[in-house]
Every structure is written in structure tokens, then in C-alpha cells.
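K.L.:
can you look at this prediction? I've put the sequence above it.
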Amino acid sequence: MQTTKALKKTKLEPKAIALGAMLAALVTAATAFIKIPAPLGYAHAGDAVVALAACMLPAPLGFLAAAIGGALADVLSGAAVWALPTALIKALNVLPFFIVRLLLQKQHKDDKLLRLPILLALPVTAGVTVGGYYLAGTLLYGSTAALAEVPFNIMQAVIGAVLFVALAAALDAVKTKQRLGLTG
């Protein structure tokens with residue numbers, strides 16, 4: 001016999017899967033089509049949606065939405081060589097948010113996208129972006145080329161953080177997590 005909590009999770013699962021697919025598509029679109037060219041690739045707005053996915057979805061779906069969305073954007077943008085590194089980096093980008101959300105869930109405070117601990121995770125995930133792309137760029141093109149890309153990766157992380165805060169504030173204003181049954 002299932003408990004009420006287990007039934008609620010079962011009931012939520014199709015909605016979470018659909019939301020995960022939608023967020024993966026939004027990561028793809030925001031990454032592939034809202035971009036600023038850079039020497040080895042491009043800076044983009046997709047990190048904002050990666051953070052939203054991390055703050056809205058259960059862990060496995062958040063990792064998948066970020067990784068699939070980012071990798072697909074690279075393929076669509078003609079940068080398929082970056083698809084695997086991007087999938088790994090984007091999956092790692094969500095990890096700080098999930099750790100924070102676990103702590104918030106224990107305190108029954110995972111009802112909003114913007115909380116101080118979430119904001120404090122933004123610089124950590126920015127470090128993952130900058131460090132991850134530096135490492136991948138070094139492996140693909142050498143350290144000099146990868147170093148030239150660092151300012152663009154910092155810009156990408158800042159753009160993503162600013163857009164995330166704006167989007168999260170708007171979504172919190174209409175109580176999106178509650179309406180979708182995503183509070184923990």
C-alpha cells in the first residue's frame with residue numbers, strides 16, 4: 001500500500017517529466033539562439049534556464065534537462081565538438097543548486113526559486129562553468145586558446161545569473177512552484 005507522500009510523487013512524475021522536457025528545450029533555445037560570438041564558441045543565455053531547471057526539477061530530471069539542452073544547442077550551432085564537454089559541464093552546473101535545495105527541503109523552505117542559499121550557489125556554478133570550459137578548451141585547443149575564452153565564459157556566467165534572478169523573481173511572484181506542485 002502506497003503512502004500519501006508516495007502517491008503525490010507518482011502523481012507529480014508525468015508533470016515533472018513534461019516540465020523537464022520543456023526546460024531542456026528552453027536550455028537549447030536560449031543557448032543556441034540567444035548568444036554572443038566568442039573566439040572558440042559563444043557566450044549565451046542558456047545558463048539562466050539551467051539554473052531554473054536545477055531549482056524546479058527533481059535531481060535526475062534537472063541533470064538531464066541541463067545536459068541534453070546544452071549538448072543539443074552545441075550540435076545545432078555547429079559546435080558539435082563541444083557537445084560532450086557541455087553536457088558534463090551543464091550537469092555539474094546544477095549540482096550546487098541541488099545540494100542547496102536538499103538543505104532547503106529539510107527546512108521546508110523549497111517553495112521559492114529565489115532564496116539566499118540559491119543566490120549563494122550562483123558563484124559556485126559560475127566557477128563550474130568557467131573552470132569546466134577552461135579545462136575542455138585546454139584539452140581541445142590548448143591552454144592559450146582556452147585562456148582567451150575565460151572572459152567570455154565569465155560573461156556567460158554573469159548573464160546567466162542576472163537572467164536567472166529576473167526570471168526566478170517573476171516566477172516566484174506568480175507562485176510557480178506551488179502551482180506546479182514542485183514545493184518540497
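P.N.:
Ah, there it is.
K.L.:
mind listing what the spatially most central residue of the chain touches?
P.N.:
Nearest to the mean C-alpha position of the chain, counting by C-alpha atoms, centre = their mean, stands residue 50 at 1.7 Å. Residues near residue 50 by C-beta atoms under 8 Å, 6 or more residues apart in numbering: 27, 65-66, 69-70, 90, 93-94, 160. Backbone N, C-alpha and C define where each C-beta goes, glycine included.
K.L.:
show me the strands in the protein, by range?
P.N.:
Using DSSP state E, the strands of the chain run over 35-38, 41-44.
K.L.:
in the protein, which helix or strand is least confident?
P.N.:
strand 41-44 (a mean of 75; mean pLDDT, DSSP states H and E).
K.L.:
can you tell me which of the strands of the chain is most buried?
P.N.:
Ranked by mean neighbour count, the strands of the chain are led by strand 41-44 with a mean of 22 (mean count of other C-beta atoms under 10 Å).
K.L.:
returning to what we had before: quick one: pLDDT of the closest residue to the residue nearest to the centre of the chain other than its chain neighbours?
P.N.:
In this structure, residue 50 finds its nearest non-sequential neighbour in residue 66, 4.5 Å apart by C-beta to C-beta, 6 or more residues apart in numbering. Note on residue 66: pLDDT of 98.
K.L.:
pull the number of nearby residues for residue 66.
P.N.:
Neighbour count of residue 66, defined by other C-beta atoms under 10 Å: 33.
K.L.:
same question for residue 95.
P.N.:
Neighbours of residue 95 (other C-beta under 10 Å): 18.
K.L.:
equivalent analysis for residue 107, please.
P.N.:
9.
K.L.:
inside helices: which ones of the contacts of residue 50?
P.N.:
Judged by DSSP state H, the subset of these located in helices is 27, 65-66, 69-70, 90, 93-94, 160.
K.L.:
okay if I get the residues you listed as JSON lines plus distance to residue 59?
P.N.:
Putting the ones in helices among the contacts of residue 50 into JSON lines (distance: C-beta to C-beta, whole Å) gives the following:
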{"residue": "27", "distance to residue 59": "16"}
{"residue": "65", "distance to residue 59": "11"}
{"residue": "66", "distance to residue 59": "11"}
{"residue": "69", "distance to residue 59": "16"}
{"residue": "70", "distance to residue 59": "17"}
{"residue": "90", "distance to residue 59": "14"}
{"residue": "93", "distance to residue 59": "13"}
{"residue": "94", "distance to residue 59": "8"}
{"residue": "160", "distance to residue 59": "20"}
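K.L.:
of these, buried ones?
P.N.:
Buried members of those, counted by 16 or more other C-beta atoms under 10 Å: 27, 65-66, 69-70, 90, 93-94, 160.
K.L.:
quick check, nearest of the residues you listed to residue 44?
P.N.:
In terms of C-beta to C-beta, no member of those lies closer to residue 44 than residue 160, at 8.0 Å.
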